[in-house]
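Chemist: Just a sequence and a predicted model for now, questions to come.
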Amino acid sequence: MFRRPSIIFRTTAFVAVVCLALVALDCWNSWQSRTVQLKQMSVATANLARAMAQQADDTIKETDTALIGVVERVEYDGTGPAALERLHKVLAMRVAELPQLDAIHVYDKEGNWVVNSRKVQPQNLNNAEREYFIFHRDHEDRGPHIGIPVKSRTNGKLLVPVSRRIDNPDGSFGGVALATIDVEFFTRFYDSLDIGQAGAVALILDTGTMMTRRPFSPEMVGRNMLDTSLYRAYRTLGPVGTAEIKSAQDGVTRLNSFRRLSNYPLFVGAALSKDEILAEWWNETLWHTGGVVLLVLIVGSVGWRLVRQMELQNKTEAELRGARDALEKLNKTLNTLAMEDGLTGLANRRQFDVTLDTEFSRAMRDASTLALILLDVDCFKQYNDIYGHTAGDECLQTIGRTISNLAARRPGDLAARYGGEELAVLLPNTDVAAAAVLAEKIRSAVRDLEIVHAGAPDGFVTLSAGVDALSPAGTRQPPKELIQAADRALYAAKMNGRNRVCTAADRPTAE
Ligand SMILES: Nc1nc2c(ncn2[C@@H]2O[C@H](COP(=O)(O)OP(=O)(O)OP(=O)(O)O)[C@@H](O)[C@H]2O)c(=O)[nH]1
């Protein structure tokens, strides 16, 4: 059977649910705003990578366009003294126009320096061992080639070589045209980007060689990046993608976006530190978590006080109920004590008087009968004298029990101690004859107890009884007269030799 939980349990559960709901709501809210923050930053890094890729693409495109012109001139004008003089001027002009360029060079098929954009034209220098030279010598491909970064022989700068092959009229290898982009050009652009303290960006060759990066360090230029997580992510997810990567170098976890250049075999990577991305979110989260904790504490403490109050109220109510029950019990006991005879356990005189009045009125009202038996222990003075007062008390108790067992069978019947050794039985709706029969039963039962009484005529304790009753047709008379009539009958019983029942007509019914 389902038992409804107590109000205290329900209140405690309600407060607990409210507190938990507040905490859960705050956690969910915080997690949502963290997800949004990371998503926004992912878009931001992707946009950054797009801008970097565009810048690198444009820079190389401009450089390559200049190279195409140079190759065309050399292939058509040749490398005679007049042509070289004109070419030198053109090269110087191109370099002056394009801020990213450090220089433009032309090498013959042996790698010897033919002409360049600088004012001074060094003699007897050879670049045949450079990677880009070897590439063009061995490949007939006429497209641009982005080489691995080199250090300038003339000014020591770090340079990104962009080169094209020059063919002889018969299609054989005739030399190389080279334009070098200053690494610092990219570095300056990357420094202008807002990527926080721990952010990083890089320009990397598709083959895994680092061109440049921010934070910049000269040793990183030309480094092989094949083993890095960024390169692996690019290879796996590329040409465009985003990945969360923990740096092996500085241990910082970053949100990386990478993108391949549209026209050249390079890719850029843009990364923002996750800690920096989430710094503001952390700040906000700490504030409202503090607020929620405070709220939970307030709700919890108010709830706790409420529950305590209820417990106290319940306890007080239980105590009051207990006190009321105890009082009722005490009242009952007092009532019983007030209405009961302490020795025999029968009703006392007070109760007898009250009941007589009540039953008398009822009998008059209903024109019914009401009988009264008065009983008196015979020669009781002698009994006390012979056996002592305590034995006398015990004898009265025994007689009381016997009367109680025989009389008072019906709800309205009442057996009472009328006074001293005198007892009474009140019987509503009973006539004299029926009362006399009951009186005889009592007398006989007491005699049959065979309580030895050396002072009594037949050696045992006996009773005498007087019986009378109101008749329905009788005239109205006070209850006192019923008692007097029964008493007269009792007197008659005594006079006629005791141990007998007499009615008001003074006729003994037993010997
Ligand atoms: N032990 C004891 N004796 C009581 C009690 N109440 C009354 N008595 C005694 O009962 C005796 C009544 O004596 P009496 O009125 O002379 O009558 P009796 O000796 O019974 O003689 P009859 O009534 O004429 O047979 C008195 O001695 C009372 O002291 C009681 O509660 N206990």
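Modeler: Structure received.

Chemist: in what helix or strand does whatever residue of the stretch 251-400 of the chain ends up closest to the ligand lie?
Modeler: Relative to the ligand, the nearest point of the stretch 251-400 of the chain is Gly392 (2.5 Å; C-beta to the nearest ligand atom). C-beta here means a position set from N, CA and C on the backbone, and glycine is covered the same way. Using DSSP states H and E, Gly392 sits in helix 389-406.

Chemist: List the contacts of Val307.
Modeler: Ile8, Thr11, Thr12, Val15 (C-beta atoms under 8 Å, 6 or more residues apart in numbering).

Chemist: If you rank the residues you listed by neighbours, which is first?
Modeler: Val15 (19 neighbours; other C-beta atoms under 10 Å).

Chemist: List the buried residues in stretch 26-33.
Modeler: For stretch 26-33, the buried set under the neighbour-count rule, 16 or more other C-beta atoms under 10 Å, comprises Asp26, Ser30.

Chemist: Offset the numbering so it begins at 233, please.
Modeler: Taking 233 as the first residue, the last one we looked at is stretch 258-265.

Chemist: what's it in contact with?
Modeler: Contacts of stretch 258-265 (C-beta under 8 Å, 6+ apart): Trp513, Glu516, Thr517, His520, Thr521, Val524.

Chemist: Can you tell me the element the fourth one falls in?
Modeler: What it means is His520. Short version, using DSSP H and E: His520 is in helix 506-571.

Chemist: can you list contacts of the helix or strand following that helix?
Modeler: Downstream of helix 506-571, the next assigned helix or strand under DSSP H and E is helix 581-598. Residues outside helix 581-598 that contact it (C-beta under 8 Å, 6+ apart): 570-573, 579, 600-602, 604, 644, 646, 648-651, 656, 658, 660-661, 702, 708, 711, 714-715.

Chemist: run the last query once more with 6 Å
Modeler: Helix 581-598 is contacted from outside by Met571, Leu602, Leu646, Ala648, Pro660, Leu702, Arg708, Pro711, using C-beta atoms under 6 Å, 6 or more residues apart in numbering.

Chemist: same check, this time on stretch 429-436
Modeler: Contacts with stretch 429-436, where a contact means C-beta under 6 Å, 6+ apart, come from 288, 418, 422, 442-446, 457, 484, 499-505, 508.

Chemist: again, but for stretch 412-424
Modeler: In contact with stretch 412-424 (C-beta under 6 Å, 6+ apart) are residues 287, 295, 332, 334-335, 389-393, 433, 435, 444, 446, 448.

Chemist: Up against the ligand, what does the protein have?
Modeler: 575, 608-613, 616, 621, 624-625, 628, 652-653, 726, 730 (C-beta under 6 Å from any ligand atom).

Chemist: which parts of the helix or strand hosting Lys726 are buried?
Modeler: Lys726 belongs to helix 711-727 when assigned by DSSP H and E. Buried residues in helix 711-727, counting neighbours by 16+ other C-beta under 10 Å, are found at 711, 714-715, 717-726.

Chemist: need those residues in TSV with pLDDT, can you?
Modeler: Compiled in TSV, the buried residues of helix 711-727 are given as follows (pLDDT from 0 to 100):
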residue	pLDDT
Pro711	83
Leu714	91
Ile715	94
Ala717	92
Ala718	94
Asp719	94
Arg720	93
Ala721	95
Leu722	95
Tyr723	94
Ala724	94
Ala725	94
Lys726	94
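
Chemist: From these, pick the one nearest the ligand.
Modeler: Lys726 (5.3 Å).

Chemist: Surely the closest one and Ser696 touch.
Modeler: Yes - Lys726 lies in contact with Ser696 (C-beta atoms under 6 Å); the separation is 5.3 Å.

Chemist: can you list the domains in the protein?
Modeler: In the domain annotation for the chain, the residue ranges read 293-417, 581-735 (automatic domain parsing).

Chemist: so who does Ser395 touch?
Modeler: Ser395 neighbours (C-beta under 6 Å, 6+ apart): Tyr364, His377, Val408, Leu410.
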